[in-house]
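In: Provided below for reference: sequence and predicted model.
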Amino acid sequence: MTKEFSAWKKEAIKCIRCGACQNVCPIFGELHSEATVARGKVCLIRMLIDDGIELTDGFAELMSHCLMCKACMANCPSGVKLDKLVEAARGEVVKRRGMHPLKKLIFRVALKNRGIFNMGMKSGSLFQKILFRPGPNGQGMLPRLPMGIDKRRILKPLAETPLRQQFPKIVKPQNSKGRVAFFTGCMLNYFYVDAGRAIIEVLNKNGYEVVLPDKQHCCGTPVRVNGDWETAIAMAKANLDVLADLEVDTVITGCASCGLALKTEFMELLADDPHYGEKARKLSEKVKDFSEFVVTLDGWDQGLGECPMKVTYHDPCHLARGQGVRKQPRQIINAIPGTEFKELPRPEQCCGSAGSYSLYHYDVSKQINDKKIKDIAETDAEALVTACGACIMHMEDGLNRNGLHHVQCLHIAELLNMAYRKNEVV
């Protein structure tokens, strides 16, 4: 990934201004502003590169209105890499104008430093009841104070004990036929520990030792997409030092954004670094999403008990469009006895989370989310299954706001593990 902003003009010139991006951009669907859609952003970026406009607060605000969902890229006849152009523009904003003090504190102090981040998350689980109040119907929690988070937004409480502290460094099955590492990411380690536990148990049930590297860290995606490439590079290197040389067959991810970072984005960030660029390439060859890996195993679909429920599935943007993993989660769902699968009307439509976007622009992300929830309601599903913790948290918020308290949100690993357990009980 080039760090020179002017070099991105070659990419921007590819845009033929056909407007195909308008039909698929979730943000344009809510704001109806040409400046918020891909071709509008490309035009602004070209003008900035050519010194046709100044880098103003308005420009920075418009560049912040991107979900990085890749829908425009999937529908662009010219193959414009809009997400990379927006990242470059955000990086230029940081370079010229600096970062907001709160972002600088979070990214360069808390997230960058593994020890501080881990300590902060552990402390947060102890004091969260002071800063948050119970959500409606006892589900989730709501901020008592703004704290940079909209007070209407329902959040998942931090787990009392992070996932990696609940297991030894190597979790062994009774009969081992291979060894994998599990990159837990932040969401499954600190919030959705049941999903992380399900991944470990499913892998064990299929005969794999699971290595949990204790020095793994946040993948850096929130930092990178906000334009702080310097910190993102440092975090990528820290993870590569831990993961690249592990003696394992595969590195498993259970988060769409983490998987995309490890598969491709570390290589892009470190393309100019011969040593770490090679480490990133080496790691990339080993990385598999959980469902992508499981369906390749012999006998994974044996010994599944009945789970009589109607489920639907949401495609996380960074899994479907980012990694091309679409059929494998559905293969798992359809293999479970008694489970009725109902496809969403628009399964790949972004839920509006996009990590930090839903924090900075809650009203817009909420409107996008409401459309996703309407689609879920049309399926009459009892459970919403997906493969991304951030998507789960955002859609849990939407389900609660829209009164669909009966719909359970599950990671694909939780559903599969539930089926295995049902058979064990029988």
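Out: Good, I have the coordinates.

In: Please report how far residue 326 lies from residue 26.
Out: Going from residue 326 to residue 26 by Cβ to Cβ, to the nearest Å gives 19 Å. C-beta: built from backbone N, CA, C; applies to glycine.

In: Comparing these two, which residue is more hemmed in?
Out: Ranked by neighbour count (other Cβ atoms under 10 Å), residue 326 and residue 26 place residue 26 first, with 23 against 16.

In: so that one makes contact with residue 66?
Out: No. The pair residue 26 / residue 66 is not scored as a contact, 10.1 Å apart, by Cβ atoms under 8 Å.

In: Tell me the bridge partners for residue 134.
Out: Counting by DSSP bridges, residue 134 forms beta bridges with residue 141.

In: mind listing the strands for the stretch 101-250 of the chain?
Out: Listed in chain order, the strands of the stretch 101-250 of the chain (DSSP state E, counting those that start in this stretch) span 132-134, 141-143, 170-171, 178-183, 208-211, 250-253.

In: what helices or strands is the longest one leaning on?
Out: Using 3 or more Cβ pairs under 8 Å, 6 or more residues apart in numbering; DSSP states H and E as the contact criterion, the neighbours of strand 178-183 among helices and strands are helix 193-205, strand 208-211, helix 229-243, strand 250-253.

In: Next, count neighbours for residue 184.
Out: Using other Cβ under 10 Å, residue 184 has 27 other residues around it.

In: From residue 174, how far off is it?
Out: For residue 184, the distance to residue 174 - Cβ to Cβ - is 23 Å.

In: Also residue 323?
Out: 32 Å.

In: Just to check, residue 248 is in contact with residue 183?
Out: No. Counting by Cβ under 8 Å, residue 248 stays clear of residue 183, with 10.8 Å between them.

In: Residue 320 is in what secondary structure piece?
Out: Assessed by DSSP states H and E, residue 320 sits inside helix 317-323.

In: Identify each buried residue in whichever helix or strand comes after that helix, please.
Out: Counting by DSSP H and E, the element after helix 317-323 in chain order, helix or strand, is helix 327-335. Neighbour counts over helix 327-335 (16 or more other Cβ atoms under 10 Å) mark 328, 329, 330, 332, 333 as buried.

In: Isn't the second one up against residue 313?
Out: Yep, that's residue 329 we're talking about. Yes. Using Cβ under 8 Å, residue 329 makes contact with residue 313 at a distance of 5.9 Å.

In: Please enumerate the shared neighbours of those two.
Out: Here residue 329 and residue 313 have 385, 412 as joint contacts, going by Cβ atoms under 8 Å, 6 or more residues apart in numbering.

In: Could you measure from residue 365 over to residue 33?
Out: Here the distance between residue 365 and residue 33 works out to 16 Å (Cβ to Cβ).

In: Look at the two and report which has more neighbours.
Out: Between residue 365 and residue 33, counted using other Cβ under 10 Å, residue 365 has the larger neighbour count: 27 against 12.
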